[in-house]
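# structure, please.
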Amino acid sequence: MAASGSKSCLQYLFHLAQDHLDFRLPEIKALLALRLKPFHPCGNFKEQSPFWCLDCLSEEDVCTVMARSVCAKSAFELWGHGRTHSELRTSLLNYPPEKMSPYMQKGSSYRINVYTFNKTLLFEDRIKKIDVSICLRVEMDGLLPHSKAMDYLPFEGTVSLKNPQHIFCLLEDYGTDPNNIPEHPNYIYFGRWIADGQRELIRSYSVKNRHFIGNTSMDAGLSFIMANHAMAKDSDLVFDPFVGTETASENAFHCLPHSVAGSLLVACSHFGAYVCGTDIDYNTIHGKGRSSRKNQKWRGPDENIRANLRQYGKEDMYVDVMVSDASKPVWRNAPLFDAVITDPPYGIRESTRRTGSHKDTIKSPDGLYAESHVPVSQAYHLSDIFTDLLSFSAHHLVLGGRLVYWLPVHRPEYCEEMVPLHPCLLLISNCEQTLSSHTSRRLITMEKIKEPEELDSVAHLSDPRFIPYQGHNAFRERYFSGLNKRSGKDDTKSDVSGNSYAAQRPSTLGTATGPAFDAITPSVCLSVIIVGKDSVVEVNSVPPTTRANPRLASAADDQRKMRTVISVWEER
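Down below sits the predicted model:
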């Protein structure tokens, strides 16, 4: 093991939680950046491993990171490591004694913990691990048990299990495959405990305990991860343009539990940032309307976003929230915010709407009714949401400020080029949270690197690869359709006679005739495909079930009229 001669630059071991794996590295990097420290892993760094060894840090740096991180469980000053217990002992012997002695003096107390990853040990086995790793000495090229405990390391203090001054830990890594656990550990570490992470914030800030419950929200863990990615800190001003529509993060959007609006503001305020936000939904902003709580019909008089911050003693960090359309400029054109952190609506549980009308002229409300006037709204396409969000951030973030937002994706169609870019914003990280077999969402973190100029414009998502974000509820349709789970499997199809064809664009429009077409009768499916020797005919029809429903009769007639054209696809 390479040990530094300066106490300010030792090796430290980070033990990380095994959830949200993609989010761990950007979080640790962001927290180190707050200390102006680079991320320097030791050799053989594996991002998916639960143990990371980092160089060029001080104990103060580590404590600062652990005071905010929800992805890290604990941090240790690394004294020794190896693939076997013998290698561990050799590594411990090479560690400078002057760095050990302050924690092993007479009059001090200590405790040794044993932690195994991916394997459970009985208490007796844990004691044996301590004996084998630390309490044995090497004599005559053999391991001989010694009568005095801790004879291998110069411990001179007393053991205190309840209230020790110093805590040491023996950590064994048995890999990440729960179905293939080796008999012996893959790697072993020993070090002095420095600090624990903030995993308890997930429990103490649980959405189940919030005063104000909305339709959708970010769970506590991801809220704090986003706040860390945004590097929200004391006296920052953080803004959420969609404060009422954060989406919870369970396995599927349509199975989301009810949770709270304003979760991102609560997380940022915990780290000392002043928070504000906007949303187009009047009821969410003012805490009115139907309640999302079970067995409660209407929201109470004090169920609002501000009450959530008051609940955690952060009301003094609350600036305000207001009803506003994110697509309309309402702020002074100047850098105002240190971070923009948001979860835009996807059109699944929260609608994507903005003020406006398709009419050429809109009649303004009379002065008598202007105060109670409700503006007309129209569809707000996802492509426009992200375009406006990046443009807003480029104009209103301070230099070095960060934009953190969620981008929903259909996994079979996703590619990195689908992430919208802006000349003023540098892409920092792109982390995936899988939601189902065909959908996921990606946490995008960007940093402002320059002020916008006249020629700077956001990527307008006009390329064909951005089709999932074009059109109203485009992502919603893909999500609920299962999005062609069989796409890619049936590149070619065959008829009963063995004739095959490949999917092709319509080349001509015409009328189909012949015995094959005459034999067709409308079925329950919306389209019927007939394969012939020279052409492929697609006949679109309305399901008979809709005709049997009188309420859908007119709609069925309209669909039938619109689907009388038959596309004749020429086979190449």
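# run through the bridge partners of residue 82.
residue 188 (DSSP bridges).
# give me the neighbour count for it.
Residues within reach of residue 82, counting by other CB atoms under 10 Å, total 19. From N, CA and C alone the C-beta is placed, and that goes for glycine too.
# ok, it touching residue 91?
Yes - with contacts counted by CB atoms under 8 Å, residue 82 reaches residue 91, the gap being 5.3 Å.
# which stretch of helix or strand covers residue 78?
Assigned by DSSP states H and E, residue 78 falls within strand 72-82.
# give me the helices and strands touching that strand, please.
If you count contacts as 3 or more CB pairs under 8 Å, 6 or more residues apart in numbering; DSSP states H and E, strand 72-82 packs onto strand 10-16, helix 59-66, helix 85-93, strand 166-173, strand 187-196.
# please redo it, this time with the cut-off set to 6 Å
Under the contact definition 3 or more CB pairs under 6 Å, 6 or more residues apart in numbering; DSSP states H and E, strand 72-82 sits against strand 10-16, helix 85-93, strand 187-196.
# and the helix or strand just after the first one, what does it pack onto?
On the C-terminal side of strand 10-16, the nearest following helix or strand under DSSP H and E is helix 21-34. Counting contacts by 3+ CB pairs under 6 Å, 6+ apart, the secondary-structure elements packed against helix 21-34 are helix 220-229, strand 425-434.
# show me the contact partners of the very next helix or strand once past helix 21-34.
Counting by DSSP H and E, the next helix or strand C-terminal to helix 21-34 is strand 51-57. Strand 51-57 is touched from outside by 9, 11, 12, 13, 14, 15, 40, 41, 42, 173, with contacts defined as CB atoms under 6 Å, 6 or more residues apart in numbering.
# among these, which one lies nearest to residue 208?
Nearest to residue 208 among the contacts of strand 51-57 is residue 15, at 27.2 Å by CB to CB.
# I'd assumed residue 74 was in contact with that closest one.
Yes - contact criterion CB atoms under 6 Å: residue 15 and residue 74 qualify, at 4.7 Å.
# quick one on the thing from earlier: CSV for the helices and strands packed on helix 21-34, including mean pLDDT, mean neighbour count and distance to residue 387?
Below are the helices and strands packed on helix 21-34 laid out as CSV (pLDDT from 0 to 100; neighbours: other CB atoms under 10 Å; distance: least, CB to CB, whole Å):
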stretch, mean pLDDT, mean neighbour count, distance to residue 387
helix 220-229, 96, 26, 21
strand 425-434, 96, 17, 12
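# distance to residue 410 added to those, as TSV?
Output for these, formatted as TSV (distance: least, CB to CB, whole Å):
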stretch	distance to residue 410
helix 220-229	21
strand 425-434	12
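# who's in contact with stretch 239-246?
Outside stretch 239-246, the residues touching it (CB under 6 Å, 6+ apart) are 217-218, 261-265, 276-279, 281, 284, 321, 326, 337, 340-345, 350.
# and the longest strand along the chain, which residues are buried?
For the chain, the strand reaching the highest residue count under DSSP state E is reported as strand 397-410. Going by neighbour count (16 or more other CB atoms under 10 Å), the buried part of strand 397-410 is 397, 398, 401, 402, 403, 404, 405, 406, 407, 408, 409, 410.
# ok, now stretch 323-337?
Result for stretch 323-337 [16+ other CB under 10 Å]: buried residues 324, 325, 326, 327, 336, 337.
# and residue 35, how far is that from residue 49?
For residue 35, the distance to residue 49 equals 23 Å [CB to CB, to the nearest Å].
# try residue 36
Distance, residue 36 to residue 49, by CB to CB: 26 Å.
# show me which of these two is the more surrounded one.
More crowded of residue 36 and residue 49, by other CB under 10 Å: residue 49, with 18 against 7.
# tell me the domain ranges of this structure?
Here the domain parsing of the chain from automatic domain parsing is 10-198, 215-356+378-480, 492-570.
# check the average confidence over the last one, would you?
The average pLDDT for domain 492-570 rounds to 41.
# which intervals of this structure have sub-threshold pLDDT?
The chain contains residues with pLDDT under 70 at 1-9, 131-152, 209, 211-218, 245-261, 289-301, 347-379, 457-572.
# in stretch 275-283, what counts as buried?
275, 276, 277, 278, 279, 280, 281.
# mind listing residues that contact it?
Here stretch 275-283 makes contact (CB under 6 Å, 6+ apart) with 238-241, 243-244, 265, 268-269, 285, 289, 317, 319-325.
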